[in-house]
Structures are given as C-alpha cells and as structure tokens.
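S.K.: coords please:
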Amino acid sequence: MCQQLTGRYQEAVLLDSDILWRVEFNTPENNYRDYFETWLRVCKNVSQSGKPVVLFGAGVGVPENLEDCIERRYFSEIKYLSLVCTGEILAERLLQRPEWRGTRDQVFIEEHQRFNQWFINYNKDNNQPPITILNTSNKQIEETTKEVEAWIRENQEQTLPNPA
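M.R.: Have a look, this model is predicted:
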C-alpha cells in the first residue's frame with residue numbers, strides 16, 4: 001500500500017517499516033521494543049518538517065507495540081488502520097507472491113491468517129485504542145488505495161506530534 005500511495009499522496013510522509021528491519025531488532029522477548037522505539041523516534045523527527053507521517057507495516061498496526069513506548073509521548077494520538085481479508089483470500093494472495101518472498105509455506109500462511117484474524121477480532125472486545133478495519137476481500141488494489149488515501153486525509157490532523 002505504501003508503494004501504491006508514494007508519489008500519489010504528498011500531504012504526508014509515507015514510510016514502510018520494513019526499511020529499518022535488522023536482525024538486531026528481532027527480540028520477541030521484549031516485544032521488539034527497540035524497533036518500535038526507533039520508528040517512533042524517526043516519525044517524531046520527520047514530522048518536524050511540518051508534515052504528518054504515515055507508517056506502514058503489520059507490527060506498527062498493533063497498538064500494544066507502540067502505546068507503551070517512551071517515544072509515544074511525543075504524539076497526541078496515533079491512529080491505526082488494518083487492511084484485512086478472509087483467510088482464504090489471504091492464503092491465495094500469499095501464494096501468488098513471487099517465490100523469493102518465502103510466503104508459500106503452509107506454516108507461514110497459517111501464522112498470517114491468525115494475525116489477520118486477530119485484527120478482525122480486536123475491536124469486538126472494545127480494546128483501546130480502536131483500530132479502523134478495512135476489509136479488502138472483494139476489492140481491487142486501486143479501490144483499496146483510494147480508501148486508504150481517504151482514511152489518511154480524514155485522520156492526518158491527529159498524526160502530528162506535540163511540540164516538545
């Protein structure tokens with residue numbers, strides 16, 4: 001989605017969280033805390049240019065990964081959007097990716113289906129902060145791109161950090 005919007009949507013700085021991933025950040029024992037602290041620090045500093053930052057990535061869509069970070073204090077609010085689809089469609093999409101992506105393994109697919117379902121169920125338990133859910137099951141990429149762009153426009157006022 002970030003690639004789809006880059007160059008098309010210029011009212012915010014769009015970043016893909018994968019660009020900073022390194023093996024040193026692979027610390028599930030502390031919920032990848034350094035990775036998310038680093039990303040919030042980057043977003044805080046980039047947003048000082050006067051444009052809000054939109055960060056794309058599965059892990060940044062999980063509120064518990066960001067809400068307890070020290071760097072979170074610089075943001076009055078973080079808005080969350082999750083793109084989901086049915087488990088069957090997710091499996092089809094993962095199988096259609098190029099082989100080098102490594103997404104065709106059944107264990108990988110099942111893990112992603114569980115994660116997808118976690119997003120679908122998140123708001124049912126009144127968890128906070130809420131996650132806006134966009135079901136892409138029956139949508140082409142262009143329609144989804146337009147909907148994500150509209151969501152960003154609606155929410156960009158709340159994404160600028162508080163003055164330090």
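S.K.: just give the closest residue to Phe25, not the sequence neighbours.
M.R.: Leaving out its chain neighbours, the residue that sits closest to Phe25 by Cβ to Cβ, 6 or more residues apart in numbering is Tyr35, at 3.8 Å. The way it works is simple: take the backbone N, C-alpha and C, and place the C-beta from them, glycine included.
S.K.: starting at the chain centroid, how far to the helix or strand the one you found falls within?
M.R.: For Tyr35, the element it lies in under DSSP states H and E is helix 33-47. Relative to its parent chain, helix 33-47 has a centroid offset of 14 Å by Cα atoms, centre = their mean, to the nearest Å.
S.K.: tell me which residues of it come out buried.
M.R.: Within helix 33-47, the residues scored as buried using 16 or more other Cβ atoms under 10 Å are Tyr35, Phe36, Thr38, Trp39, Leu40, Val42, Cys43, Lys44, Val46, Ser47.
S.K.: what's the lowest-pLDDT member of those residues?
M.R.: pLDDT is lowest at Ser47 among the buried residues of helix 33-47; the value there is 93.
S.K.: check which element follows the helix holding Tyr35 along the chain.
M.R.: strand 53-56.
S.K.: other SSEs contacting the helix holding Tyr35?
M.R.: On a contact count with 3 or more Cβ pairs under 8 Å, 6 or more residues apart in numbering; DSSP states H and E, helix 33-47 meets strand 13-16, strand 53-56, helix 63-66.
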